[in-house]
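> Generate a structure from the sequence data that follows.
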Amino acid sequence: MASLERRNESYRIVFMYQGRKLGFSLGTCIQKTAEQLKKGIETLLWELEQGYRKLPQETDLIAFLRGGGKVTQEPPPIKPEDRLTLGKLRDKYVGVLSIGTMEQNSLYTVKIHFKHLVTTLGETFSVESLSLDDLQQHVERRHRKKYRGKPLSPATLRKEIATFRACWNWAVDGGLLNRKFPNKNLKFPKDDEKPPFQTWEQIDRQIARGGLTDSEIHDLWDCLFLDRKIVADFLVFVKENATQPFLYPMVVFAAHTGARRSELLRVKVSDVDFDGEFVTLHEMKRSTAKRTTRRVPLSPFLIGVLKEWLEQHPGGSFLFCQQTHVEKSKKKRMTPTQITRDEAHDHFQRTIGESKWNVLRGWHILRHSFISNCAAAGCDQRLIDEWVSHQTEEQRRRYRHLFPEQQSKAIRSVFGE
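As a prediction, this is how the structure comes out:
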C-alpha cells in the first residue's frame, strides 16, 4: 500500500490515495523507525478507505497522517477588536491608578510616559507582540529628541521604560498577559552622574569664568541650594512681594520643613501641634499600599509665622487655602478652598517674576535647601532621613559633600594641621 524511499539520508513515505500519488518525509534516517511509522500510516489509510475513519473537513491529509490520526486545531484567530492594544492597556492601568493609588503628580508623569510610548508604537499596537527590538527602537527614538539643546537624559528614558514595565507586571498579575516584560539586554545611553548641589556663590563664580552654554548655565541653576542666609533673604522678599496671602507662610513652611509641594497642599490645620512643636505630613510616595505620615519638628520662626497666618486664615480644614474671593481670578468660590498644584506653581512664579530670584525653578528648591542646610550643619543623617523621607543611598549621596567641617576635621586627623 505504501513504500519507503531514502532521500538525502532521510526516509520518505510514498502512497496512493484516491487516485493520487502522495508522499512526505518521515524526518528520520533510521530504517527501523521509518518502518514502524510506515505501518501506522498504512493502517490509517486503510481505515479511511474502509470508512472506519473520516477525514475531518478542511483538514489536510498529510497533517492528519503526520499526527497519527489526531486533528490539531489551530486556536481561532483573535479578532482585532479583542486584541490587547497599547491604548487599551494604558487606559486600564491609568484607571486603576486613578482611584487614589498614586499621587496626582506621579499619575501625570505616567500619562506623559505612555504618550511617548504611543508615539513610538502606536495606539493600536498589540502588546502581546512586544519585543526587545520594539523597546530599543523607543529608546533610540526618544534619545534623538532634544531638551534644552541636549538629548534626553538616560534617566528619563529609564523612567519611561520603568513605567511600561510596572504596567506590564500589573497586567501579568491580572491575567491580561502571560510572559515577562522583554527588556532583558535593553541598552541605554551612558548616563552622567548628577552634579552636587551648590550655593548661589559657587554657581555665580562658574558662570563668571565664562565658556558655558545657555543649557549648561540652566543645568547649574538646577543644582542650586540656598544657604541659610539666602533662604532668610528670600523669605523677606516673598513676604514683601507675595501675590496671595497664603504664599508667604507656605514658602516659610517649605523652607523650614523640607516638605514636598504635594505635601504642603495636603497639610491641615489639625496636623500642626504648636505645643509639641511638630507637624504631621501626609505622604504618598513612600508606600503604594497605604497612606503614610511622618512628623517634622517646627522651628520657632515657623511657629511664629503660622500663628500669624492662622489669625487671618480664611477658614476650612487645610492649612494653606484660598479665600472665597481672589482678585483677578475667574473662579467662583462659595467657601475657602484647598490650593491646587497649578495655583501653587503659578503664584510662586508670579511672585519671583523678573527679580533676581527667577533662577529658582520652583517649590522643590526649598526642599533641596532644607536638606542641604541640615547636612551642612552636621545634623545626624538618620534625622534628615526621617524628616524628609529619604529612602535610597543615591538620595543621601548627593548631599554628603555638604559636611565641610566634618570633612576638614577628618583629613586633618590623618595629615595634621
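> And Q202, how far from R361?
Q202 sits 17 Å away from R361, going by CB to CB, to the nearest Å. Bear in mind the C-beta positions are built from the backbone N, C-alpha and C, glycine included.
> I meant to write L224 there.
8 Å.
> Kindly report the same for K115.
In terms of CB to CB, K115 sits 23 Å off from R361.
> ok, the two, which is more surrounded?
R361 (14 against 11; other CB atoms under 10 Å).
> and the more buried one, that one's in a helix?
No: counting by DSSP: H, G, I helix; E, B strand; the rest coil, R361 falls outside a helix, being coil.
> For burial, what's the neighbour tally of the nearest residue to it once chain neighbours are set aside?
Of all residues beyond its chain neighbours, the one nearest R361 is D222 (6.3 Å), with distances taken as CB to CB, 6 or more residues apart in numbering. A total of 16 residues lie near D222 under the criterion other CB under 10 Å.
> Might one say that D222 is in contact with L360?
No: counting by CB atoms under 8 Å, D222 stays clear of L360, with 10.4 Å between them.
> Around L117, how many other residues sit close by?
L117 has 22 nearby residues by other CB under 10 Å.
> pLDDT score for it?
At L117, the pLDDT value in this model is 95.
> tell me the contacts of it?
Going by CB atoms under 8 Å, 6 or more residues apart in numbering, L117 touches L86, R90, H138, E160, F164.
> Give me the distance from the host helix or strand of it to the chain's centre.
Using DSSP states H and E, L117 sits in helix 104-121. Here helix 104-121 is found 9 Å from its chain centre; the criterion is CA atoms, centre = their mean, to the nearest Å.
> And that helix, what's buried?
Neighbour-count burial for helix 104-121, counted by 16 or more other CB atoms under 10 Å, picks out S106, V110, H113, F114, H116, L117, V118, T120, L121.
> Please write out the alpha-carbon positions of it in PDB.
Output of helix 104-121 as PDB, limited to C-alpha atoms (Å, rounded to 0.1, in the frame of the first residue of the first chain):
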ATOM      1  CA  GLN A 104      -1.500  63.100  41.100                       C
ATOM      2  CA  ASN A 105       1.900  64.400  40.100                       C
ATOM      3  CA  SER A 106       3.100  60.800  39.700                       C
ATOM      4  CA  LEU A 107       0.000  59.900  37.800                       C
ATOM      5  CA  TYR A 108       0.500  62.800  35.500                       C
ATOM      6  CA  THR A 109       4.100  61.600  34.800                       C
ATOM      7  CA  VAL A 110       2.700  58.100  34.000                       C
ATOM      8  CA  LYS A 111       0.400  59.600  31.400                       C
ATOM      9  CA  ILE A 112       3.200  61.500  29.800                       C
ATOM     10  CA  HIS A 113       5.300  58.400  29.600                       C
ATOM     11  CA  PHE A 114       2.500  56.500  27.900                       C
ATOM     12  CA  LYS A 115       2.000  59.400  25.500                       C
ATOM     13  CA  HIS A 116       5.600  59.000  24.300                       C
ATOM     14  CA  LEU A 117       5.300  55.200  24.100                       C
ATOM     15  CA  VAL A 118       2.200  55.500  22.000                       C
ATOM     16  CA  THR A 119       4.000  57.900  19.700                       C
ATOM     17  CA  THR A 120       6.600  55.200  19.100                       C
ATOM     18  CA  LEU A 121       4.500  52.100  18.900                       C
END
